[in-house]
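Peer 1: Here you go, sequence then predicted model.
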Amino acid sequence: MIRFEGVTKRYVEASGTGGGAESVAVDDLTLEAPTGQITVLVGPSGCGKTTTLRMVNRMITPTSGTISIDGRDTASLDVAELRRGIGYVIQHAGLFPHRTVLDNVTTVPRLLGTDKRTARSRAMELIERVGLDPAMARRYPAQLSGGQQQRVGVARALAADPPVMLMDEPFSAVDPVVREQLQNEFLRLQSELGKTILFVTHDIDEAVKLGDQVAVLRVGGILAQLDSPARLLADPVDDFVAGFVGRDRGYRALSFGAALELSLADEPTVRLGATAAEVRAVGTAWVLCVGDAGEPLGWVRAAAVESEVTTRVLHRGGTVASTTGSLRALLDAALSSPSGRGVVADDDGRLVGTIRAAEVIPAIEARRDGVGATTGSGTHAQTSARPAEEATAR
Amino acid sequence: MTWALDHLGEIMSRAGQHAWLAGVPLVLGLLIALPLGWLAARQPRLRAVLLTSTGLLYTIPSLALFILLPPLLGTKILDPVNVIVAMTVYTVALLTRTVADGLSSVDGSTRQAAVAMGYGSFARFRAVDLPLAVPVIAAGLRVAAVSNVSIVSVASLIGISQLGYFLTDGYARSFPTEVWVGIVACLLLALVFDLVIQVVSRFLTPWTRAVAT
């Protein structure tokens, strides 16, 4: 557990004449980042979120207040020792360009005195664990893509198996597709490792997706609200938080809590290569086409099939919801489907059935009272029951 | 050409002395410039003072330095140590800025990561900043090497044996061939220095040639 108690950071702006104007970066912050959970610090620029993070490993010294990790005041620890016990991941990964991926990952264990062989074999495990090809180990950072570098950054931070991780916008410098992959793998990794993580981002969507709890900071380093993502969306404490959390809150809140007892309709399907007559025999304007393993490929408009179903005539606009997914995914599948019937597949990607938006709405209505009682994080909602509101805002 | 071949032994021995007088200061100068550059890179206030003062050293005329040093060092005027010290001063003048710039050129996020991983400032200098500054420092060394080879030849005016002797002697005897031999030998020596620095730098920086595959 990382605990901030009345932590303030003031800067005196240099002004030649000696006096100097004071600016407050972090103002009397009291906050707990519970063990084994992800606490996200989010806010606009100037809200002191990065300053807060860097005070934990003493790259910045607080003006007043104490920060403790598992009950030990960080100010009382040897600074190098403190830092080696904290994983640190930053925006551009900050890899050492002159060291291979493997040597980057072994940095902290080597500093801690682990022998080279042990450090390297553990590093190889981590490289694979973060989703990199072991052949990458001998490459230099310049030979990797931004996303791969970021994975190495995560592996390097994990190398000495620190209980605490600090992450400063680690995924914001990569493109949206890679970012989503990294986020999903990060959640998977965290579900295995259970680190105590303090995560900084300016992106509220990322905060809501990754955080077990989210601390919204306002300019001047004042904690505006500390809550579970679901509570944050459902019940912002004031206009600032409401504005920062943004539009579509109601819709986005559907990301939390999985869809439970939903009855799906059976959907007649055709295969690729089905003739026009076979497609029209189904009797609906849009017909779902599936692949050999039963995976949904796309919708075809019966009237548009001339001789047979080819990939060229497939409508690709519809999204596919998972049976273990959220209400948001289900609703989106229904809304994006040209037939109005949202495609639902199981975890292996095989078609299970379809559902209409009108059938999702009652499920949303039924869940309304439950908001706040159940929380979760995005698509991983069912895998973990997370205690909400363990920590208290000051 | 025949003159050169006839005097090959003498040319080689003077070239060896020349290389010694230019090369030793290069190494000594680098060893002095490293801590100075490190200080300059760490302390913005020291940076201005250090870089200006070391830079000014380069403006002292070499002949003046060769003559001024013996009383300062307590050496004889013909002692090659004078030349070594003078050339070291010039090397420091050229390299301090280079070292400071090289160390400062390390990417901010790389440095931040190193600090956050618990590197102390000296360990970081040795393990991160210095290796990354090698390409910049090597570039500065190449300039200093050429400059040293050229300035050392002036020492023939005070009677210290090296390739510059062919220039003064050829001039005194109105014998252009000898002057040309001196020039070409200096040029070749500078090229050898340049080559050695490049090879060592390449050996130390395999990562700079790593390209996306």
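Peer 2: Okay, I see it. Values in this document were obtained by computation on a predicted structure and should not be read as measured data.
Peer 1: On the C-terminal side of the longest helix that chain B contains, identify the next helix or strand.
Peer 2: Taking DSSP state H as the criterion, chain B has its longest helix at helix B:8-42. Next helix or strand after helix B:8-42 toward the C-terminus (DSSP states H and E): helix B:44-57.
Peer 1: Now do that next one: which elements does it pack against?
Peer 2: Counting contacts by 3 or more Cβ pairs under 8 Å, 6 or more residues apart in numbering or on different chains; DSSP states H and E, helix B:44-57 packs against helix B:8-42, helix B:80-104. In short, each C-beta sits where N, CA and C put it, glycine included.
Peer 1: ok now the longest one, how far from the chain's centre?
Peer 2: Averaging C-alpha positions (Cα atoms, centre = their mean, to the nearest Å) puts helix B:8-42 5 Å from its chain's average.
Peer 1: Equivalent analysis for the shortest one, please.
Peer 2: Helix B:80-104 sits 6 Å away from the centroid of its parent chain (Cα atoms, centre = their mean).
Peer 1: and the nearest residue to residue A:140 once chain neighbours are set aside, how far is that from residue A:57?
Peer 2: Of all residues not flanking residue A:140 in the chain, residue B:210 sits nearest, at 3.8 Å (Cβ to Cβ, 6 or more residues apart in numbering or on different chains). According to Cβ to Cβ, to the nearest Å, residue B:210 stands 30 Å off from residue A:57.
Peer 1: These two: which is more packed in?
Peer 2: Set residue B:210 next to residue A:57 and count neighbours by other Cβ atoms under 10 Å in any protein chain shown: residue A:57 wins out with 24 against 18.
Peer 1: mind checking the SS state of the residue nearest to residue A:55 when sequence neighbours are not counted?
Peer 2: Leaving aside its chain neighbours, residue A:55 sits nearest to residue A:62 (5.0 Å; criterion: Cβ to Cβ, 6+ apart). For residue A:62, the assignment made with DSSP: H, G, I helix; E, B strand; the rest coil gives coil.
Peer 1: surely residue A:62 meets residue A:8?
Peer 2: Yes. With contact defined as Cβ atoms under 8 Å, residue A:62 reaches residue A:8; the gap is 6.6 Å.
Peer 1: between these two, who's got more neighbours?
Peer 2: residue A:62 (23 against 17).
Peer 1: and the more buried one, what does it touch?
Peer 2: Residue A:62 makes contacts with A:7, A:8, A:9, A:26, A:55, as judged by Cβ atoms under 8 Å, 6 or more residues apart in numbering or on different chains.
Peer 1: same thing but at 6 Å, please
Peer 2: Neighbour list for residue A:62: A:7, A:9, A:55 [criterion: Cβ atoms under 6 Å, 6 or more residues apart in numbering or on different chains].
Peer 1: what do you get for residue A:349?
Peer 2: Going by Cβ under 6 Å, 6+ apart, residue A:349 touches residue A:295.
Peer 1: So it versus residue A:300, what's the distance?
Peer 2: From residue A:349 to residue A:300 the distance is 19 Å (Cβ to Cβ).
Peer 1: try residue A:76
Peer 2: 68 Å.
Peer 1: And the two? Which one has more around it.
Peer 2: A count of neighbours by other Cβ under 10 Å puts residue A:300 above the other of residue A:76 and residue A:300, at 24 against 9.
Peer 1: Surely that one is within a strand?
Peer 2: Yes. Per three-state DSSP, residue A:300 lies within a strand segment.
Peer 1: give me the beta-bridge partners of it?
Peer 2: Beta-bridge pairing of residue A:300 under DSSP bridges involves residue A:287.
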